[in-house]
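Q: here are the coordinates; sequence isn't available:
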Ligand code: NAP
Ligand code: MG
């Protein structure tokens, strides 16, 4: 056996029986409660990023399959047990999905680690657990989505009595397009609130990571959802994704991914005047204040960028350090980076895992080269690790400044750009000097700093003494070119319901 196939069988032996069985055959798409092949008969391969080897074949949906799925979702929305189901019955179904994810959590974590590359233990504790919590939290909403009674005083009919109220109704058939960085978690963030609101769904997972979405589809069938309520069509963005965005029978598109594709989707959706919500890229600042507890801020800033190999939309990718702490912080970050073990995610001791694909590997390595050429100092990492798999060392670029490409563009890898500052007003300006506005963190022990600086930061989430903490109760979304609409919390219901005003003349 050569080294690559040796590696491949070692990784497969790290899988439990259920995960191994799931990948032992080609996987189909879920349309109208049935597992079916693409009408074209085409398939594509999903790869293990730790080895580059094929995991299994996946049915490749295109416009014709999207059309079938949308028709099934439309029929389920208009005329099925789902359309007349009581809120409490919807709640029970959502709770059942949460329970089933929990019962199959180890298998899902293994599939996620295999398909995305990430650490299996972290996938279990974060991706899978947060997916469970998301379904549980959203399961609480169906019986609590209410309209208002309106005190009317119609001026041109003062002697007539009217009764006014609002209904909050589901928006209808929803198209959902998600990325590969948190595959199951993104399914949960998208599906749970849409289902809580009474919508029906066609979801397209990312081509790189379809496995857990398809396993979730099985669990949704097992939970007892009526046929056609949830349809899952794997395929490519420019075919399946574009067809979903353009389809006349889709009422709303919810997208998470790059700003570039977000703009394409918003423009395409305008043709049919679809309601659109976009959760896009970021270049989030982490600001260490002069009074910060550096024992907290240094490991915090490292994990803000290295978690999930930096493939996080709100990763703390620009770090601002005051002059007086610059050397100590750089030294601490370099030490931190050197302790992170690099290797496949199926071994939970490995804290830096492969990037999701060869494309991402090349993209990130190219940015590191650009950074070097533009004059950044590489004080940790900077290289690809190994020749198989898509591993990149945790990388710290020091002495960066606002005009560098690596500071301006989203890299989506384990690459931190450090900038120094010496004045608080200056650092707020520097932090906001980006087209993005998704997240930001402030590291300080001074409550005055928190009260004064938080309102000046142009970002949808501001963390204090932490970063990347997302909770299902806390709305999440972007300012500026990081998108619009808020996921999670009660605000997400705004995305999946609309208001109908009713006026009754007595
Ligand atoms: P992407 O192209 O934005 O992909 C996200 C999703 O959109 C995928 O399901 C993709 O399908 C689909 N898609 C692509 N083109 C489409 C189109 N014309 N119409 C409809 N859907 C379309 O992101 P990527 O290529 O995976 O990654 C590129 C960069 O995006 C990353 O380096 C990173 O900067 C950024 N990104 C951001 C986030 C985030 O959470 N903010 C997540 C992932 C990536 P496929 O299956 O064909 O990819
Ligand atoms: Mg894969």
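A: Nice, I can see it. Note that the structure is predicted; figures quoted are calculated from it, not measured. Numbers count the residues shown, from 1 in each chain. Ligands and ions are numbered 1, 2, ... in the order given.
Q: and for residue 220, the neighbour number?
A: For residue 220, the tally of surrounding residues (other Cβ atoms under 10 Å) stands at 24. Glycine gets a C-beta too; all of them are placed from N, C-alpha and C.
Q: is it true that residue 388 lies in a helix?
A: No - secondary structure of residue 388 (DSSP: H, G, I helix; E, B strand; the rest coil): coil, not part of a helix.
Q: neighbours of it, how many?
A: 14.
Q: tell me which residues touch the residue in the stretch 351-500 of the chain positioned nearest to ligand 2, please.
A: Using Cβ to the ion, the single residue of the stretch 351-500 of the chain nearest to ligand 2 is residue 356, 6.9 Å away. Neighbouring residues of residue 356 by Cβ atoms under 8 Å, 6 or more residues apart in numbering: 49, 116, 117, 180, 181, 208, 209, 311, 390.
Q: now the fifth one, nearest residue through space, not along the chain?
A: The spatially closest residue to residue 181, leaving aside those adjacent along the chain, is residue 311, at 4.3 Å (Cβ to Cβ, 6 or more residues apart in numbering).
Q: would you mind measuring from that neighbour to ligand 1?
A: 7 Å (Cβ to the nearest ligand atom, to the nearest Å).
Q: what's the spacing between that residue and residue 282?
A: Separation of residue 311 from residue 282 (Cβ to Cβ, to the nearest Å) stands at 12 Å.
Q: ok, those two, which is more surrounded?
A: Each of residue 311 and residue 282 has its neighbours counted (other Cβ under 10 Å); residue 282 has more, 31 against 23.
Q: right, and that one touches residue 482 too?
A: Yes - if you go by Cβ atoms under 8 Å, residue 282 and residue 482 touch, sitting 5.4 Å apart.
Q: overlap in contacts, those two.
A: 313, 436, 437, 438.
Q: now narrow the residues you listed to whatever sits close to ligand 1.
A: When the shared contacts of residue 282 and residue 482 are filtered against ligand 1 using Cβ under 6 Å from any ligand atom, the residues retained are residue 313.
Q: tell me which two of the shared contacts of residue 282 and residue 482 sit farthest apart.
A: 313 and 437 (11.6 Å; Cβ to Cβ).
Q: so between those two, which is more surrounded?
A: A count of neighbours by other Cβ under 10 Å puts residue 313 above the other of residue 313 and residue 437, at 26 against 23.
Q: beta partners of residue 464?
A: residue 442 (DSSP bridges).
Q: that one - how many residues pack around it?
A: 16.
Q: check residue 502 too.
A: Using other Cβ under 10 Å, the number of residues around residue 502 comes to 11.
Q: centroid-wise, who is the farthest residue in the chain?
A: In the chain, residue 159 marks the outermost C-alpha relative to the chain mean, sitting 54.3 Å out by Cα atoms, centre = their mean.
Q: helix, strand or coil for that residue?
A: coil.
Q: excluding sequence neighbours, find me the nearest residue to residue 271.
A: residue 246 (7.0 Å).
Q: what's near enough to touch that neighbour?
A: 268, 271, 272.
Q: quick check: it vs residue 265, distance?
A: Taking Cβ to Cβ, one finds residue 246 at 10 Å from residue 265.
Q: residue 47 against residue 57, yeah?
A: No - contact criterion Cβ under 8 Å: residue 47 and residue 57 do not qualify, at 11.2 Å.
Q: can you give me the pLDDT of the residue of the stretch 401-506 of the chain at minimum distance from ligand 1?
A: Across the stretch 401-506 of the chain, no residue is closer to ligand 1 than residue 412, which sits at 3.6 Å (Cβ to the nearest ligand atom). Per-residue pLDDT puts residue 412 at 98.
Q: can you check residue 74 too?
A: Among the per-residue scores, residue 74 shows a pLDDT of 98.
Q: and residue 137, how many residues sit next to it?
A: 22.
Q: hmm, it is touching residue 473, no?
A: Yes - judged on Cβ under 8 Å, residue 137 makes contact with residue 473 at a distance of 6.8 Å.
Q: how about the strands in the stretch 401-506 of the chain?
A: Assigned strands in the stretch 401-506 of the chain, in chain order: 415-421, 439-443, 461-464, 483-484, 497-505 (criterion: DSSP state E, counting those that start in this stretch).
Q: so residue 201 is in contact with residue 192, correct?
A: No - Residue 201 is beyond contact range of residue 192, at 10.4 Å (criterion: Cβ under 8 Å).
Q: what about residue 398, distance to residue 208?
A: Residue 398 is 31 Å from residue 208, by Cβ to Cβ.
Q: got the residues of the protein near ligand 1?
A: 177-181, 204, 206-207, 236-238, 241-242, 245, 256-258, 261, 264-265, 280-281, 313, 363, 410, 412.
Q: and those, which are buried?
A: 177-181, 204, 206-207, 237, 241-242, 245, 256-258, 261, 264-265, 280-281, 313, 410, 412 (16 or more other Cβ atoms under 10 Å).
Q: tell me who's in contact with the residue positioned nearest the centre of the chain.
A: By Cα atoms, centre = their mean, the mean C-alpha position of the chain lies nearest to residue 186, the distance being 4.6 Å. Residues near residue 186 by Cβ under 8 Å, 6+ apart: 178, 179, 256.
Q: which ones among the residues you listed are found in strands?
A: Of the contacts of residue 186, the ones assigned to strands by DSSP state E are residue 256.
Q: ligand 2: which of the contacts of residue 186 is nearest?
A: Looking across the contacts of residue 186 and measuring by Cβ to the ion, the closest to ligand 2 is residue 179, at 12.5 Å.
Q: which of the buried ones among the residues of the chain next to ligand 1 fall within helices?
A: Judged by DSSP state H, those include 242, 245, 261, 264, 265 as members of helices.
Q: can you put these in TSV and add pLDDT and distance to residue 69?
A: Converted to TSV, those look like this (pLDDT from 0 to 100; distance: Cβ to Cβ, whole Å):
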residue	pLDDT	distance to residue 69
242	98	14
245	98	14
261	98	20
264	98	21
265	98	18
